[in-house]
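Q: Just the structure for this:
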Amino acid sequence: MSSYGVLSTGFRKKTRQEIIDEIVASVRADISPSLNTESTAILGQLIGVIADQLSQDWDVLEDCYDSQY
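A: Next up is the predicted model:
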């Protein structure tokens, strides 16, 4: 069962930091655990840009959910 999205208690969106943490975990698991994903590294900056976009998607989903009430 998912911890995000439409739940019995309402809607729970992913935070930007949760998105970053998930992307970093995936990159380290799928590519290399030693990759530098700090926010000052190029990969970390790319992850941040992607997380910003995904966070905006979650905001839109939350707005859609809230518009029903």
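Q: show me the contacts for the residue nearest to V24 when sequence neighbours are not counted.
A: Leaving aside its chain neighbours, V24 sits nearest to T37 (4.7 Å; criterion: C-beta to C-beta, 6 or more residues apart in numbering). From N, CA and C alone the C-beta is placed, and that goes for glycine too. When the contact criterion is C-beta atoms under 8 Å, 6 or more residues apart in numbering, the partners of T37 are 24, 27-28, 43-44, 47.
Q: Now list the buried members of those residues.
A: 24, 27, 43-44, 47 (16 or more other C-beta atoms under 10 Å).
Q: out of those, which are inside helices?
A: Within those, membership in helices is found for 24, 27, 43-44, 47, as judged by DSSP state H.
Q: now G48: how far from T9?
A: Per C-beta to C-beta, to the nearest Å, G48 is found 29 Å from T9.
Q: quick one, which of these two is more surrounded?
A: Neighbour comparison, G48 and T9: the larger count goes to G48, with 16 against 6 (by other C-beta atoms under 10 Å).
Q: gap between the more buried one and A25?
A: G48 sits 15 Å away from A25, taking C-beta to C-beta as the criterion.
Q: So for the residue nearest to the spatial centre of the chain, what's the nearest residue that isn't a sequence neighbour?
A: The residue lying closest to the centre of the chain (C-alpha atoms, centre = their mean) is I19, at 1.9 Å. Excluding its sequence neighbours, the residue lying closest to I19 (C-beta to C-beta, 6+ apart) is A51, at 4.3 Å.
Q: Ok, R28 next?
A: Excluding its sequence neighbours, the residue lying closest to R28 (C-beta to C-beta, 6+ apart) is L35, at 6.1 Å.
Q: cool, and I47?
A: With C-beta to C-beta, 6+ apart, the residue lying closest to I47 is I23, at 5.1 Å.
Q: Thanks a lot, catch you later.
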